[in-house]
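1. Turn this into a model:
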Amino acid sequence: MAAIDAVNAATADVIERFLDGLWAERGLAEATLAAYRNDLARFGQWQAARGGLLAATASDVQAYLADRNTPGSSPRSAARCLSSLRQFYRYQKRAGAIERDPTALIDMPAQGRRLPRTLTERDVEALIRAPDTDTDLGLRDRAMLELMYAAGLRVSELVSATRAQVNTRQGVIRVTGKGGRERLVPLGGAAVDWVERYLAQARSTLLGGAVSDALFVTARGGGMTRQNVWHRIRAHAIAAGITAHVSPHGLRHAFATHLLNHGADLRAVQMLLGHADLSTTQIYTHVARARLKALHADHHPRG
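-> Below you'll find the model as predicted:
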């Protein structure tokens with residue numbers, strides 16, 4: 001039985017009106033709304049004997065979070081729950097339904113940093129070499145993989161890239177990232193070479209007379225989708241015998257980590273990745289340090 005079915009009609013109505021308002025304000029995805037609904041319904045069920053959701057105090061919220069803190073529970077789950085409650089009570093305060101927000105002075109649970117998974121340089125090399133470049137699709141995929149690794153592109157940036165954004169003569173790509181921010185990213189010689197070969201030998205054939213602004217196109221004559229890219233990368237990873245989890249974002253992680261491993265400046269990597277805040281880029285220093293420690297342990301005589 002869903003958590004929302006376990007609360008009374010009045011509580012369910014309060015939750016649904018909040019979710020309707022949240023959707024209208026922020027246009028959240030159904031999966032996000034469902035997560036809010038589940039968190040609020042579970043707290044509503046727990047809070048029923050204490051006067052209901054709108055009667056909750058800071059002590060009630062803290063007691064509920066403490067009850068949730070059982071062996072095996074994660075700080076991330078507790079943080080998400082508190083975030084749901086915080087959004088709910090902020091909304092109710094703005095609407096005049098409550099005088100005080102019971103979550104206002106409650107700190108978010110401390111969370112450990114989740115380190116991004118990254119590929120080794122050997123794995124990346126094997127992945128990039130996996131496509132059969134004697135075929136049009138293989139040539140496209142080789143150029144795509146070279147470009148993703150050379151420029152550290154998000155998959156959204158890759159599939160939205162147009163032919164006009166790449167200048168192989170100058171060896172750069174103009175990338176439109178999050179928030180519409182543009183950045184100019186240099187490409188290495190290998191990426192330039194494979195992109196030029198793809199443009200000269202495969203792109204027009206794949207289009208089959210169709211017209212498209214997309215840089216990377218499919219045999220159906222349109223631009224690639226995120227799903228196309230994911231499936232192609234996964235297929236090439238399997239063909240290359242790579243056992244580690246591989247995703248489009250994994251190449252972006254590898255791009256940043258390998259640059260730092262080879263001595264790149266953190267702010268330069270920030271600019272190349274298109275991060276608005278340096279703190280977002282700093283996660284890769286943890287990955288790089290972990291890699292260096294492992295190398296030291298494996299190869300130093302007193303490691």
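2. quick one: the helices in this structure?
-> Here the chain has its helices, by DSSP state H, at 9-26, 30-47, 58-68, 75-94, 121-129, 136-151, 155-160, 189-201, 203-207, 226-239, 248-261, 266-273, 278-281, 283-299.
3. List the buried residues of the fifth one.
-> By neighbour count on 16 or more other Cβ atoms under 10 Å, the buried set for helix 121-129 is 123-124, 126-128. The way it works is simple: take the backbone N, C-alpha and C, and place the C-beta from them, glycine included.
4. what angle do it and helix 136-151 make?
-> 150 degrees (axes from the mean of the first three to the mean of the last three Cα atoms, to 10 degrees).
5. chain center to helix 121-129: distance?
-> The chain centre lies 22 Å from the centre of helix 121-129; the measure is Cα atoms, centre = their mean, to the nearest Å.
6. Would you mind splitting this structure into its domains for me?
-> Following the assignment in automatic domain parsing, the chain carries domains at 3-94, 121-299.
7. With adjacent residues omitted, what lies nearest to Gly21?
-> The shortest distance from Gly21 to any non-neighbouring residue, by Cβ to Cβ, 6 or more residues apart in numbering, is to Tyr91 (6.2 Å).
8. in the stretch 151-300 of the chain, what spans have low per-residue confidence?
-> Applying pLDDT under 70 to the stretch 151-300 of the chain flags the ranges 276-300.
9. contacting residues around stretch 21-33?
-> For stretch 21-33, contacts defined as Cβ atoms under 8 Å, 6 or more residues apart in numbering pick out 19, 36, 87, 91, 95.
10. Buried ones among those residues?
-> Those of those that meet the buried threshold are 19, 36, 87, 91, by 16+ other Cβ under 10 Å.
11. Tell me the spacing between the residue nearest the centre of the chain and Gly241.
-> Central residue of the chain (Cα atoms, centre = their mean): His249, 7.3 Å from the mean position. The gap separating His249 from Gly241 is 21 Å, by Cβ to Cβ, to the nearest Å.
12. got the domains of the chain as CSV, with distance to Ala104 columns?
-> What follows is the domains of the chain, written out as CSV (distance: least, Cβ to Cβ, whole Å):
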stretch, distance to Ala104
domain 3-94, 8
domain 121-299, 25
